[in-house]
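*Asks:* Turn this into a model:
(chains A and B)
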Amino acid sequence: MRQVRLIWVLAWKDLRVEYRSRQAFLTTLFFALLILIIFNFAFDPGSPATREAAPGILWASLIFPGVIQLNRSFQAEAEEGTLYGIVLSPVDRGVIFLGKQLANWIFMLAIDLFILVAFVVFYNFSFSWSLLWIVLLLVLATAGFTAVGTVFAAMLSSIRGRDVLLPVLLFPILVPIIVAAVNATQEVLLIGEFEFFEKWVQLLVSFDVIYLAAGFLVFDYVVGE
Amino acid sequence: MWLENSKQFLATASRLLKVSGWMLLPLYLLIVIALWGAFLYAPLPDRPGADPAAIQALGDVQRIFYFHVSSAMNSFLAFFLVFIGGVAYLVTRNEKWDAFSAASAEVGIFLTTIVLTTGPIWAKPEWNTWFPWGDPRVMTELVLLLIFIAYFILRASLPEGEKKYKFAAVCGIIGFLDVPIVYLSIHLLRTLHPVVITATEIRLDPMIRQAWLMALVAIMVLTVVLVLLRTSMRLHHRAAQEMRQQLRERRARAA
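*Replies:* Residues are numbered from 1 along each chain as shown, chains lettered A, B, ... in the order given. I've put the predicted structure just below:
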């Protein structure tokens, strides 16, 4: 029980810092919106082909800002030296990982939801209850994304050139998440039949479980001296 | 202790070198046998119902398959060794395991490159496409190659030291864990959008199976020898670095 509270304390600290400055949140959100809009111009706006590609566009415009957020989540800690403070506190390193991951997860989800609304408007889909299935996908995919991302971001926080390194390390690992999320979104938005939806969700859940467990176990080696 | 680490590295390195030296002759023999098996012993696959022109066109290109499939299977072995080396390093903190991991990753990249270059040569006449994006095995190989190129980019951006070995080990472990998930995701994708592959049916002759087994064993031994050689090389390199460092310190103290 104490562990759960500690995770929440850590996550709450990060979220409060984000809430007080708000600048990061708005910038990341704006960046995501820009990607969404640029894709609309890069393809023929309003054409059926663009509509076909819409699920891919949605996920691309969530992944890129996500990387920026992950980089930032350890940048401030490393610059101010607060990471030492956290690492030195008498808390299991795995718990620190879960706390950081939870904060990133909630932060990303907040952005994801705004982007989903903008996406439905820009790409002319309708607001219906079936969007809740996409919210489920957002929750699951973002969990896995931030699980791997938090490990790598923590690792790279002390390295020069981390801004480029993070996507280089992260994107190949994310291939299954992107495949699963894009195809499941396609079923919800375009096909309207949930033939494989359950399978994709299972895949996302197993990715989450594997990488949350792996992150919990290896985080000690990533931040400890 | 004066040159303590270097001595240890050199001892292990020369032991590995000796072992791989002993394996060289059998390796050469196995490769010759595998080449003989693939090009002379194995018949062309029987394609019931295909017209002779097609059989002629697809003919000898198929022989690339012996090395293609064997390299693919052994690339998984090599990346599994990266994983093993990574776990062993994190548990023992012995630098030798890092050298072993990095060497296995290099060999893995070498084998995946073979797979991804021989594959298209075969796939173009057989499936009429250079790169079948929907094939789970091809995609897994591609993602593995990307992950382990990133692994070396990470290594290159860190100075020698415990931190580098720890991070590389973590990266290797996380990368290897992705393999089954990538495979499953593309497998599922394929059931969703069936790839149109215009292949004639292939019946596997027992002689083809035997020739393939020869290639598999030859490349497996090649993998092991290369991993041992590269590990030994990396340890020699580490020993030299260590010695230079200690000499510099000693000179500075004397001056």
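*Asks:* Let me know the helix or strand that the nearest residue to A:Asp112 once chain neighbours are set aside is in.
*Replies:* In this structure, A:Asp112 finds its nearest non-sequential neighbour in A:Leu138, 4.6 Å apart by CB to CB, 6 or more residues apart in numbering or on different chains. C-beta: built from backbone N, CA, C; applies to glycine. Using DSSP states H and E, A:Leu138 sits within helix A:131-156.
*Asks:* helices or strands up against the helix or strand following that helix?
*Replies:* Using DSSP H and E, the helix or strand that follows helix A:131-156 in sequence is helix A:162-186. In terms of contacts (3 or more CB pairs under 8 Å, 6 or more residues apart in numbering or on different chains; DSSP states H and E), helix A:162-186 is packed against helix A:48-80, helix A:131-156, helix A:197-223, helix B:136-156, helix B:162-192.
*Asks:* Quick one: closest of these to A:Leu34.
*Replies:* Closest to A:Leu34 of these is helix A:48-80 (CB to CB; 8.4 Å).
*Asks:* now A:Gly46, what's its secondary structure?
*Replies:* Three-state call for A:Gly46 (DSSP: H, G, I helix; E, B strand; the rest coil): coil.
*Asks:* residues contacting B:Phe80?
*Replies:* Neighbour list for B:Phe80: B:Phe176 [criterion: CB atoms under 8 Å, 6 or more residues apart in numbering or on different chains].
*Asks:* so how far is B:Val179 from it?
*Replies:* Noted for B:Phe80: a distance of 9 Å to B:Val179, by CB to CB, to the nearest Å.
*Asks:* what's the answer for B:Phe79, then?
*Replies:* 7 Å.
*Asks:* Now the common contact residues for those two.
*Replies:* B:Leu144.
*Asks:* Pick out whichever of these two has more residues nearby.
*Replies:* Shown here are B:Phe79 and B:Val179; by other CB atoms under 10 Å in any protein chain shown, B:Phe79 has more neighbours (26 against 19).
*Asks:* which stretch of helix or strand covers the closest residue to the more buried one other than its chain neighbours?
*Replies:* Spatial nearest neighbour of B:Phe79, chain neighbours left out: B:Gly108 (4.6 Å); criterion: CB to CB, 6+ apart. Using DSSP H and E, B:Gly108 sits in helix B:95-127.
*Asks:* okay, now the residue of the stretch 151-255 of chain B found nearest chain A: neighbour count?
*Replies:* In the stretch 151-255 of chain B, no residue comes nearer to chain A than B:Ser185, which is 3.9 Å away by CB to the nearest CB. When counting by other CB under 10 Å, one arrives at 27 neighbours for B:Ser185.
*Asks:* For it, which residues are in contact?
*Replies:* By CB under 8 Å, 6+ apart, the neighbours of B:Ser185 are A:175-176, A:179-180, A:203.
*Asks:* where does the chain dip in pLDDT?
*Replies:* Going with chain A. A:224-225 (pLDDT under 70).
*Asks:* actually chain B
*Replies:* B:1-2, B:45-58, B:191-204.
*Asks:* center of it, which residue is that?
*Replies:* Nearest to the geometric centre of chain B sits B:Gly108, at 2.4 Å (CA atoms, centre = their mean).
*Asks:* so how far is chain A from that residue?
*Replies:* B:Gly108 is 14 Å from chain A, where distance means CB to the nearest CB, to the nearest Å.
*Asks:* I'd say B:Tyr61 and B:Ile121 touch.
*Replies:* Tyr isn't right for residue B:61; it's Val. Yes. When contacts are counted by CB atoms under 8 Å, B:Val61 is listed as touching B:Ile121 (6.9 Å).
*Asks:* and the most centrally placed residue in chain A, what does it touch?
*Replies:* The residue lying closest to the centre of chain A (CA atoms, centre = their mean) is A:Thr142, at 3.9 Å. By CB under 8 Å, 6+ apart, the contact set of A:Thr142 is A:62, A:66, A:105, A:108-109, A:112.
*Asks:* a markdown table for those, including distance to B:Leu40?
*Replies:* Output for the contacts of A:Thr142, formatted as a markdown table (distance: CB to CB, whole Å):
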| residue | distance to B:Leu40 |
| --- | --- |
| A:Leu62 | 55 |
| A:Gly66 | 55 |
| A:Trp105 | 59 |
| A:Met108 | 59 |
| A:Leu109 | 62 |
| A:Asp112 | 60 |
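*Asks:* name the helices or strands packed onto the helix ranked longest in chain B?
*Replies:* Longest helix of chain B, by residue count under DSSP state H: helix B:206-254. Packed against helix B:206-254 by the contact rule (3+ CB pairs under 8 Å, 6+ apart) you find helix B:4-36, helix B:64-92, helix B:95-127.
*Asks:* Specify the angle between it and helix B:64-92 in degrees.
*Replies:* 40 degrees (axes from the mean of the first three to the mean of the last three CA atoms, to 10 degrees).
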